[in-house]
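K.L.:
starting from these lines, generate the structure:
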Amino acid sequence: MCEVAMEEQGSEITDMEPCDSQGERGVMVVTPRRRLDPPLSVVWTTMLYCAELVTAGVLCRTLHEDKDVIWLGATIAFMLVPAVVIQFTLTFIHRDLGRDRPTVLFLHLLQLGPVIRCFEALVVYFKAGKREEPYVTISRKISLEKGQEVHKELEIGQTERTLATHRNAFKRTAVIQAFLGSTPQLTLQLYATIQEKYLLSVRLALMIITLISITYGALVCSVLAIQIVYDNYKVRLRPGAYLCMVVWRALEIATRVTTLVLFSTALTHWVFLVGMANLLFFFFLPWVEFWARKGSLAEGVEKNFSKLGTTVVLCMFTLLYACINVFCWSAVKLDLAHPELIDRTQSWGRLAMYYSGRFVENFVLITLWYFFKSDFYEYVCAPLLVVQLLICYSLAVLFMLLFHQFCHPCRRLFMYNVHDCLHCVCCRRAGRGARNGRGNVPPSYSTAATMVLVPEEPLELLDPQNSLPPDVTRQLGARESSA
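P.N.:
Sure thing, here's the model as predicted:
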């Protein structure tokens, strides 16, 4: 007989169009045990880690034979530092220091931790279903499908939880590898290629792998942000949403790296000032906000940690957050006083300030490169290159807006969407004189689902334009009166 360990309650959102028909509410559906999904993300992250490590090793051998000491040292540093951090991260998540697993710890010392973890995940997956689960969790969720509320009970076994732990660990690994290793490695190799005026085949392969790793890491970062902010809902993204995010992140990161590299070729010493200013700003920003609110450190990081240990972990986490924001939008806001370290509010103002500031910074850097560029670019149409970089970054912003407006799985829960922000800006520009003669503003579909997220707010605040049907309003009023 299986043991029922605990009960969880949440909500599920499927990325479907709402239906006008109101189905029966409160129906309990017992969902049978689901077929486990293969740990493809674990395998893909391990492949990227091994491919980048091996390619960087081959490049280091070539640089050693050519006696390029400077490029060799920088390549080794950007290869080993993220690898060491990844080993500590995997050991911390799986809590192996207090367990008797000398072989696993030895492989971590050899920088092969992701390989053994991937092997463990595959073994767990292929052994699943061969014996009865002795430990089962009953998870109760509310599924919002085609306008109907259906209560579901899901059985989650120990095997599924183990695979979920591996997936979560490798998501963190992908982000660390992308922004502590791949991003500086790509910047270094592109700068070395321009300075040496020739391209090695192994260096080209390393740049392609690092660009793929960065794009995947930024994609994982965006998905993690959605899952953290809307952790009460089970989020499902369509293939079109993934495609939109890939284009958005690839254009954003490629434009940013190219801008920094071009600026460094013209004003080499100034690029360190720009990079350190960005890094220190985003590193100290969460701490300044934390000290301004006079909060206390989050106690949910690790129970066995002292104040010093908690501070060290938070500093490492803040460093990763700063490295992400130097090259692209992190999609989350740190709150060091919160137990989960993440502010779950959707801040459109913060998003607008980041992309506006980054666009201005890229424009200034590429303009300075245009005026101080070397003779190496005499056969390159510099004005056209400047325009292309600005257009590429503008396209990245455009795909970001398209994602939040049409492809975000929780867009119906936004208090305000991109459409509302643009409409508000247009209304402000229309002039204050026409405000009195204007009728009611047509309701936006992005505000209609706010009641699903916060049903306890008054109806006057949730639906100021009376955009909901009468039956939905009565249902919500009955729910509030019963509460």
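K.L.:
for the protein, where's the lowest mean pLDDT among helices and strands?
P.N.:
Within the chain, no helix or strand scores below helix 450-453, which has a mean of 34 by mean pLDDT, DSSP states H and E.
K.L.:
in the stretch 151-300 of the chain, which spans are helices?
P.N.:
Applying DSSP state H, counting those that start in this stretch to the stretch 151-300 of the chain gives helices spanning 158-176, 183-196, 201-229, 239-266, 268-292.
K.L.:
a markdown table for these, including mean pLDDT?
P.N.:
Rendered in a markdown table, the data for those read as follows (pLDDT from 0 to 100):
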| stretch | mean pLDDT |
| --- | --- |
| helix 158-176 | 86 |
| helix 183-196 | 91 |
| helix 201-229 | 90 |
| helix 239-266 | 92 |
| helix 268-292 | 90 |
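K.L.:
adding distance to Met79 and mean neighbour count, write the ones you listed out as JSON lines.
P.N.:
Where you see a C-beta, it was placed from the backbone N, CA and C, and this is true even at glycine. JSON lines is the format used below for those (distance: least, CB to CB, whole Å; neighbours: other CB atoms under 10 Å):
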{"stretch": "helix 158-176", "distance to Met79": "13", "mean neighbour count": "19"}
{"stretch": "helix 183-196", "distance to Met79": "7", "mean neighbour count": "21"}
{"stretch": "helix 201-229", "distance to Met79": "10", "mean neighbour count": "20"}
{"stretch": "helix 239-266", "distance to Met79": "18", "mean neighbour count": "20"}
{"stretch": "helix 268-292", "distance to Met79": "19", "mean neighbour count": "14"}
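K.L.:
need those in CSV (columns: distance to Arg61).
P.N.:
Formatted as CSV, the helices of the stretch 151-300 of the chain follow (distance: least, CB to CB, whole Å):
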stretch, distance to Arg61
helix 158-176, 25
helix 183-196, 15
helix 201-229, 9
helix 239-266, 24
helix 268-292, 27
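K.L.:
flag the shaky bits of the stretch 1-150 of the chain, pLDDT-wise.
P.N.:
Per-residue confidence of the stretch 1-150 of the chain (counting by pLDDT under 70) places the weak regions at 1-34, 96-98, 129-150.
K.L.:
Gly384 and Ile391, how far apart?
P.N.:
No Gly there; residue 384 is Leu. Here Leu384 is placed at a distance of 10 Å from Ile391 (CB to CB, to the nearest Å).
K.L.:
one more: Ala174?
P.N.:
With CB to CB as the criterion, Ala174 and Ile391 are 29 Å apart.
K.L.:
next one: Val69
P.N.:
With CB to CB as the criterion, Val69 and Ile391 are 39 Å apart.
K.L.:
same question for Glu160.
P.N.:
Note on Glu160: its distance to Ile391, by CB to CB, is 45 Å.
K.L.:
Phe179 now?
P.N.:
25 Å.
K.L.:
quick one, which of these two is more surrounded?
P.N.:
Phe179 (28 against 12; other CB atoms under 10 Å).
K.L.:
low-confidence stretches in the stretch 301-450 of the chain?
P.N.:
Residues of the stretch 301-450 of the chain that meet the criterion pLDDT under 70 lie in 301-307, 309, 346, 411-450.
K.L.:
quick one, strands of it?
P.N.:
Listed in chain order, the strands of the stretch 301-450 of the chain (DSSP state E, counting those that start in this stretch) span residues 333-334, 342-343.
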